[in-house]
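Enquirer: Model the structure of this input:
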Amino acid sequence: MLILNIEFPDTLAGKHAVEKKLLPCRCWIGHGEFQIKFSEPLFSCTGFVKEWDQKKIDLVAPALGGSNVSHDNFAEITLTIIEQNTYKIETLSLFYASNGWTQVITKGEYAEFVDEEDW
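Expert: This is a model prediction of the structure:
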């Protein structure tokens, strides 16, 4: 189970964000951090995922090459509240220009392995 720690803004959009499915965001992984970033026109805030498995993510979502950043993708995320500012990631999909949306998290677990030949 992947947990996102984030403080949504105290606005109508921020308060209701967790109730929505497939929220648009950006997934950024690099320098030992896994971040989920939200930006306007929704709201601006950044959350941090704790205790993720880089190898499992790389098996389902190809990493960028040539830098310390492995992922920097447009994404869609669905969350379930655990407690204030702490959320379970139910689904997370990353967008790739080469093949569209790729599931990384499904039903709260890492998605199935993707054979690189399918890319």
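Enquirer: which residues in the chain form helices?
Expert: Assigned helices in the chain, in chain order: 12-16, 54-60 (criterion: DSSP state H).
Enquirer: which one of these is the most hemmed in?
Expert: For the helices of the chain, average neighbour numbers computed from mean count of other CB atoms under 10 Å are highest in helix 54-60, which has a mean of 15. C-betas here are computed from N, CA, C, even on glycine.
Enquirer: so what secondary structure elements neighbour that one?
Expert: Under the contact criterion of 3 or more CB pairs under 8 Å, 6 or more residues apart in numbering; DSSP states H and E, helix 54-60 touches strand 69-83, strand 100-106, strand 109-110.
Enquirer: and if we set it to 10 Å?
Expert: Under the contact criterion of 3 or more CB pairs under 10 Å, 6 or more residues apart in numbering; DSSP states H and E, helix 54-60 touches strand 23-30, strand 69-83, strand 86-96, strand 100-106, strand 109-110.
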